[in-house]
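S.K.: Pasting a predicted model and its sequence here:
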Amino acid sequence: MTATTETSPAASAGAAPERTADAEAVDPALRETARALHSPVVDWFAAHARDLPWRRPEAGAWGVMVSEFMLQQTPVNRVLPVYEEWMERWPRPADLAAEAPGEAVRAWGRLGYPRRALRLHGAAKAIAERHKGEVPVEHAQLLALPGVGEYTAAAVVSFAYGKRHAVLDTNVRRVFARAVSGQQYPPNATTAAERKLARMLLPEDEATASRWAAATMELGALVCTARSPACTRCPIAAQCAWQLAGAPEHQGPARRTQSYAGTDRQVRGRLLAVLRAAKDPVPQSDLDQVWHEPVQRARALDGLVSDGLVEPLEGKRYRLPLT
DNA sequence: TACTCGTGGGG
DNA sequence: TCCCCAAGAGT
């Protein structure tokens, strides 16, 4: 029974008058599908969830937010040590807000995409200034913070505050694509249909919805993986639309793989690595050593400066930003 | 929408 | 070895 992801005639025909304005019509078949998935997935999570530091109560909303920033496109194993250092050094948003942004970039280390460090610092400042030092509870307020998008806002709302909110990351999208839509992989870009499906599948009960969000993510991360899913260990393999369809190969455009060698990104990474390691301002002549091609080198450095990741000083010297 | 933005480990 | 991909956001 593959669930339809769009409006079904049955559900939308005679719109129930008692529905509130923003309530969505729910396909009865999909509702049944959802109920059949909730218990197995949530129970599996209770038995197999990893003991990650940001899942412990003492992490608090700030800990959850820090972890979510770090986990944007970076694997858990690499995040763990940096997260621990970070939380020890800056246990509250105000602690980070009081620091120079360059210190956040330095402490970010080699997690990659260092703009995230800058944005996390900016988010901490906004929280300190506009929210009395407390991580906001409202999704819209979270969304207004730098570096917080649809996913991160939902994750904080759900994981930190236990609210009922659909959480749609790459893991969840893959689980739903397979279990419900019968596809090996989700579309390249998140679609409105996926968002709607995620809302439809969300359990009504708040506490269950929160567990469901974390559980579907964990299932995607540990079992329903991209490359080689461990279907024998999957709690919903018997109901999986993709399995029931014979695990067909993905059709449609392949995800375009991003190159790295020789790109500006690589040059930026090398430049920033030098600056992270330096305690004092670095003369340009030192930065020139990291890349042979002068035009690309200059472009990369300019980009870092305009992104606010690097601060230019008098006499062709550079450092991580003090302000 | 499609593209940019780091880094490194596992298949 | 090489390639794929990993709890996205911003433009």
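M.R.: Received the coordinates, thanks.

S.K.: can you give me the helices for the stretch 101-250 of chain A?
M.R.: A:101-108, A:115-130, A:139-143, A:150-155, A:170-179, A:192-201, A:206-222, A:241-244 (DSSP state H, counting those that start in this stretch).

S.K.: residues near the spatially closest residue to A:Gln243 that is not a sequence neighbour, how many?
M.R.: Once flanking residues are discounted, A:Gln243 sits nearest to A:Ala237: 5.7 Å by C-beta to C-beta, 6 or more residues apart in numbering. Using the backbone N, CA and C atoms, a C-beta is placed for each residue, glycine as well. Look at A:Ala237: counted by other C-beta atoms under 10 Å, it has 19 neighbours.

S.K.: same thing with A:Val76?
M.R.: 14.

S.K.: which phi and psi does it have?
M.R.: When quoted as degrees, to the nearest 10, the phi and psi of A:Val76 stand at phi -50, psi -50.

S.K.: who's in contact with the closest residue to it other than its chain neighbours?
M.R.: Nearest residue to A:Val76 in three dimensions, chain neighbours excluded: A:Leu52, at 6.9 Å (C-beta to C-beta, 6+ apart). A:Leu52 makes contacts with A:Ser67, A:Val76, A:Leu80, as judged by C-beta atoms under 8 Å, 6 or more residues apart in numbering.

S.K.: show me the contacts for the second one.
M.R.: Okay, so that is A:Val76. A:Val76 touches A:Arg50, A:Leu52, A:Ala221, counting by C-beta under 8 Å, 6+ apart.

S.K.: want to throw the helices of the stretch 101-250 of chain A into CSV with distance to DNA strand C and mean neighbour count?
M.R.: Formatted as CSV, the helices of the stretch 101-250 of chain A follow (distance: least, C-beta to the nearest atom of the strand, whole Å; neighbours: other C-beta atoms under 10 Å):
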stretch, distance to DNA strand C, mean neighbour count
helix A:101-108, 14, 22
helix A:115-130, 6, 21
helix A:139-143, 7, 17
helix A:150-155, 3, 21
helix A:170-179, 4, 23
helix A:192-201, 12, 17
helix A:206-222, 4, 21
helix A:241-244, 15, 18
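
S.K.: Give me the pLDDT for A:Gln258.
M.R.: You'll see A:Gln258 listed with a pLDDT of 81.

S.K.: Quick check: phi and psi on it?
M.R.: Taking degrees, to the nearest 10 as the convention, A:Gln258 sits at phi -80, psi 130.

S.K.: Tell me the spatial nearest neighbour of the residue of chain A most remote from its centre, not counting adjacent residues.
M.R.: In chain A, the residue that sits farthest from the middle, by C-alpha atoms, centre = their mean, is A:Gly315; the gap is 40.0 Å. Spatial nearest neighbour of A:Gly315, chain neighbours left out: A:Pro283 (7.7 Å); criterion: C-beta to C-beta, 6+ apart.

S.K.: Equivalent analysis for A:Asn188, please.
M.R.: A:Asn188 sits nearest to A:Arg255 (C-beta to C-beta, 6+ apart), 5.6 Å away.
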